[in-house]
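Student: Give me the fold of what follows.
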Amino acid sequence: MNTRRSVALLLLLVFASSNLHAASFCVTTSTELQNALTSAATNAEDDTIQVQIGTYTPPVQQGFIYGSTDTHALSIVGGYGSFMGSAPCSIQVMNPELTRIDGGGTSRLFSFRPLGGAGDLSLTGLSFVNGHSLASYGPPLAGDIADYSGTVRLERIVVRNNVSDDMPVVWFHTRGAIVVRNSVFVDNTMYYDNGVNWNNGAIQFESRVVSGTAGGLTLNNNTVANNRNPLGYAHLSLYIQNGPIFLANNVMHGNGAVDADTLVFMEYSCWGTWLNNSLGYWLVVPISDHEMHCPNTVQELPPADPRFIGNGDYRLADDSPLIESGANIPTGGIGDWDAAGKPRRIGTVDVGAYEHRGILFRDGFE
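Tutor: Alright, predicted model coming up:
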């Protein structure tokens, strides 16, 4: 009997200790979301913010802000709801379009500034739409975290119809790794009289790894399309320093560039593995003559029109050459859900953020 009590007490202590440094928030309003971000910045805990299905309006101009010197992780996850009178955040659906951060055409959306530390930062199941940012406020969606060495993870996010003056629309800059999967970056506009340089893509990810830290860029099953810059280029810009870059099953198309839809800038880095991407026009720019000695494989799909459904719908049409053209087991994995919250893999995985389901299932008959 004493043995049983001792075991029960031990299990209770183990469970309690595992939760001493974790906090969870359920938010249902814009004010609650910013309050949770403010609390997470200073509570010295690993934080998860569960965001209820709905539309969240950021503070005018500056947007939602997470600014912290905390060394713990932050995870923001959308798609939560209630069912038949249950408590908020008691169920979850996987479609990111249902949880919207909407700038209304007048405001930034989100700014992450975890200064220092190594806790992971992740955004999952969220849409960032209709943001508008002036140059003095920075990009609509940004993680300017140059002194941060944790991993940034973007999973099933949709970034659509945002405008940025003199800055990228999306800009994540870290000394750690960046992983982006099953996400959509479409119909965004930047106004910048630029050239083909590393620091002026419409969508920009930078991993500037320092010695002794794990890093690199991994982008799997994303759709980056029809981003525009009336004054110049609007490409996807990937900058990698002291690390590998892994690209698999991505489609990059029609990003307003004459010379390139996708630019990759490598400094003291190697190609890693590139598999089954439809990159449109792409260009690799070496920043230095030094290359890391690591295995690399480049196996790309022939250039082709991806054949989206059209009219703002970036799912694959029934005659798309990207259907069942992906790699099932790339470095970094493909995840369980696509950008519509549907199962990611049906047979051979498709290229892009959306798994094709045909006419029968297109309107939800599943």
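Student: So which other helices or strands are in contact with whichever strand or helix holds G67?
Tutor: Using DSSP states H and E, G67 sits in strand 64-68. Packed against strand 64-68, as judged by 3 or more Cβ pairs under 8 Å, 6 or more residues apart in numbering; DSSP states H and E, are the following elements: helix 30-40, strand 110-114. Backbone N, C-alpha and C define where each C-beta goes, glycine included.
Student: Excluding sequence neighbours, find me the nearest residue to G176.
Tutor: Distances taken as Cβ to Cβ, 6 or more residues apart in numbering place S149 nearest to G176, at 4.5 Å, with adjacent residues excluded.
Student: that's a strand at that neighbour, yeah?
Tutor: No: S149: not assigned to a strand; according to DSSP: H, G, I helix; E, B strand; the rest coil it is coil.
Student: neighbours around it, how many?
Tutor: 20 (other Cβ atoms under 10 Å).
Student: Model confidence at it, what's the number?
Tutor: Turning to S149, the model gives it a pLDDT of 75.
Student: Same question for V209.
Tutor: Looking at V209, its pLDDT reads 74.
Student: Isn't it up against I178?
Tutor: No: with contacts defined as Cβ atoms under 8 Å, V209 does not count as touching I178, sitting 10.3 Å away.
Student: overlap in contacts of the two?
Tutor: Residues touching both V209 and I178 by Cβ atoms under 8 Å, 6 or more residues apart in numbering: G216.
Student: rewinding a little: in this structure the residue nearest to G176 contacts I178, no?
Tutor: No: counting by Cβ under 8 Å, S149 does not reach I178; the two are 11.8 Å apart.
Student: Contact partners for Y354?
Tutor: In this structure, Y354 makes contact with 184, 223, 314-316, 338-340, judged by Cβ under 8 Å, 6+ apart.
Student: From those, pick the one nearest L279.
Tutor: For these, the closest approach to L279 (Cβ to Cβ) belongs to T223, at 12.0 Å.
Student: Please work out how many residues are found near the closest one.
Tutor: T223, neighbours per other Cβ under 10 Å, totals 27.
Student: That one contacts V251, doesn't it?
Tutor: Yes: here T223 reaches V251: they are 5.3 Å apart, a contact under Cβ under 8 Å.
Student: what residues are shared contacts of those two?
Tutor: 352-353.
Student: Sketch out the low-pLDDT regions of the stretch 201-350 of the chain for me.
Tutor: 210-215, 233-234, 256-261, 265-271, 281-297 (pLDDT under 70).
Student: What segments of this protein are helices?
Tutor: Secondary structure of the chain (DSSP state H): helices at 2-18, 30-40, 358-361.
Student: Could you pull out the buried residues of stretch 79-98?
Tutor: Buried residues in stretch 79-98, counting neighbours by 16 or more other Cβ atoms under 10 Å, are found at 79-81, 89, 94-98.
Student: ok, G216 to G78 distance?
Tutor: 26 Å (Cβ to Cβ, to the nearest Å).
Student: higher neighbour count, those two?
Tutor: Comparing G216 with G78 by other Cβ under 10 Å, the one with more neighbours is G78, at 28 against 24.
Student: Not counting its neighbours along the chain, what's nearest the more buried one?
Tutor: Using Cβ to Cβ, 6+ apart, the nearest residue to G78 is T99, at 3.1 Å.
Student: Could you list everything the one you found pairs with in the sheet?
Tutor: Judged by DSSP bridges, the bridge partners of T99 are G54.
Student: Run a quick check on it versus G125, I expect a contact.
Tutor: Yes: assessed by Cβ under 8 Å, T99 is found in contact with G125 at 6.3 Å.
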